[in-house]
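S.K.: Sharing a sequence plus its predicted fold:
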Amino acid sequence: MARLPARLRPFALLARLDRPIGVWLLFLPGLWSILLARAGVWTTLGLIALFAVGAVVMRAAGCVVNDLWDRELDRKVARTAGRPLASGAVSVPAAVAFLLLLLLAGLVILLMLGRTAQILGVASLVLVAFYPAAKRVTWWPQVMLGFTFGWGAPLGYAAAHGALGWPVLPLYAGTILWILGYDTIYAHQDREDDALAGIKSSALRLGGRTRLFVALWYAGMLALIAAAMAVAGIGRDGLIALALPGALLAWQVVRLDIDDPARCLALFKLNRWVGLLVGLAILIGR
């Protein structure tokens, strides 16, 4: 980030390029579904590359949309007060122009996919546009994030298979539960600031019951992904390999301390490895 030209640095920060964990978490459900579709090797590798680039572009676009919605709220929360729109480092017209550029890049990637995937990709823009409003009207904005960040599950399968299939249903549902769990952990970092700013979250709603609910959501996620793998004809070795991400999910539950923001952040970031291990389990099963 420090090596970028000074005039580009605020836009890179607006896109959260300094925090790649969000790119990983957006990319991983697409990776799972591409592997689950069991297309040819070169098709699979090509789609993984496209989805990786697309995750960078669309995560950046989502961040811009979020910050346009939240620039007034961000000024009231210590962790977000320095964001480029909240601090004034980037103007609203400049952010909108940047957003249009990102969406154009996303469109180019989308046009390389099949018709069903293209329709799903366009539909995802509705979720991206309205997710930031969820925290204003419901205690469960993390559910809306699950639908949004998990959209790669049906999209990746459609891109690799040419159409949707039965494995998509449990895979998408499991992805939503996973996101609900890890983003609830993440939300505990801002619990007090969110309460003062009038922002709603599952962290505020659950409080001391968070550990129990995260454990249930993570268990449900593993069960649903195992079901998706079974429906897709993934072999027994792949199902056994799910024990590896399962161990990391259990570690998060055991180590969770909702009053320790640094630990919440560390446990949240651990989900990159959870996602990669789920992908490895599907690959082993193939």
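M.R.: Looks like it arrived, so ask away. Numbers count the residues shown, from 1 in each chain.

S.K.: which phi and psi does residue 16 have?
M.R.: Comment: the main-chain dihedrals of residue 16 come out as phi 60, psi 30, following degrees, to the nearest 10.

S.K.: Tell me, how many residues neighbour it?
M.R.: 19 (other CB atoms under 10 Å). In short, each C-beta sits where N, CA and C put it, glycine included.

S.K.: Low-confidence stretches in the chain?
M.R.: Residue ranges of the chain with pLDDT under 70: 196-197.

S.K.: so what does the longest helix along it touch, helix or strand wise?
M.R.: In terms of residue count, the longest helix belonging to the chain (DSSP state H) is helix 41-74. In terms of contacts (3 or more CB pairs under 8 Å, 6 or more residues apart in numbering; DSSP states H and E), helix 41-74 is packed against helix 9-14, helix 21-36, helix 84-87, helix 92-110, helix 115-137, helix 152-161.

S.K.: Now distance to residue 211 and mean neighbour count too, for these, in JSON lines please.
M.R.: Below are the helices and strands packed on helix 41-74 laid out as JSON lines (distance: least, CB to CB, whole Å; neighbours: other CB atoms under 10 Å):
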{"stretch": "helix 9-14", "distance to residue 211": "33", "mean neighbour count": "20"}
{"stretch": "helix 21-36", "distance to residue 211": "21", "mean neighbour count": "25"}
{"stretch": "helix 84-87", "distance to residue 211": "32", "mean neighbour count": "20"}
{"stretch": "helix 92-110", "distance to residue 211": "37", "mean neighbour count": "16"}
{"stretch": "helix 115-137", "distance to residue 211": "22", "mean neighbour count": "16"}
{"stretch": "helix 152-161", "distance to residue 211": "26", "mean neighbour count": "27"}
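
S.K.: show me what contacts residue 180?
M.R.: By CB atoms under 8 Å, 6 or more residues apart in numbering, the contact list for residue 180 reads 142, 143, 145, 146, 202, 217.

S.K.: who touches the fifth one in this structure?
M.R.: Pointing back at residue 202 there. Taking CB under 8 Å, 6+ apart as the definition of contact, the neighbours of residue 202 are 139, 140, 141, 142, 143, 180, 183, 184, 187, 213.

S.K.: Apply 7 Å and report the result again.
M.R.: 139, 140, 142, 184, 187 (CB atoms under 7 Å, 6 or more residues apart in numbering).

S.K.: Would you quantify the distance from the closest residue to residue 33 other than its chain neighbours to residue 34?
M.R.: Closest residue to residue 33 in three dimensions, ignoring its sequence neighbours and counting by CB to CB, 6 or more residues apart in numbering: residue 156, at 3.5 Å. As for residue 156, its distance to residue 34 is 4 Å (criterion: CB to CB, to the nearest Å).

S.K.: list the residues that contact both of those two?
M.R.: Taking CB under 7 Å, 6+ apart as the contact definition, residue 156 and residue 34 share the neighbouring residues residue 51.

S.K.: which residue packs closest to residue 83, ignoring adjacent ones?
M.R.: Counting by CB to CB, 6+ apart, residue 83 lies nearest to residue 74, which is 5.2 Å off, once chain neighbours are set aside.

S.K.: That neighbour: how many residues sit nearby?
M.R.: Using other CB under 10 Å, residue 74 has 20 neighbouring residues.

S.K.: Is residue 80 in contact with residue 86, as I believe?
M.R.: Yes. Under the criterion of CB atoms under 7 Å, residue 80 lies in contact with residue 86, with a separation of 6.2 Å.

S.K.: any shared contact partners between those two?
M.R.: The overlap between the contact sets of residue 80 and residue 86 (CB under 7 Å, 6+ apart) consists of residue 74.

S.K.: ok so, going back, closest to residue 173 out of the helices and strands packed on helix 41-74?
M.R.: Among the helices and strands packed on helix 41-74, the nearest to residue 173 by CB to CB is helix 152-161 (8.9 Å).

S.K.: Now do the closest one against helix 21-36, angle only.
M.R.: Taking axes from the mean of the first three to the mean of the last three CA atoms, to 10 degrees, helix 152-161 and helix 21-36 form an angle of 40 degrees between their directions.

S.K.: Check which helices and strands helix 152-161 sits against.
M.R.: In terms of contacts (3 or more CB pairs under 7 Å, 6 or more residues apart in numbering; DSSP states H and E), helix 152-161 is packed against helix 21-36, helix 41-74, helix 115-137, helix 168-187.

S.K.: So what touches it?
M.R.: Outside helix 152-161, the residues touching it (CB under 7 Å, 6+ apart) are 26-27, 29-30, 32-34, 36-37, 39, 43-44, 47, 51, 113-114, 116-117, 120-121, 164-165, 167-168, 171-172, 175.
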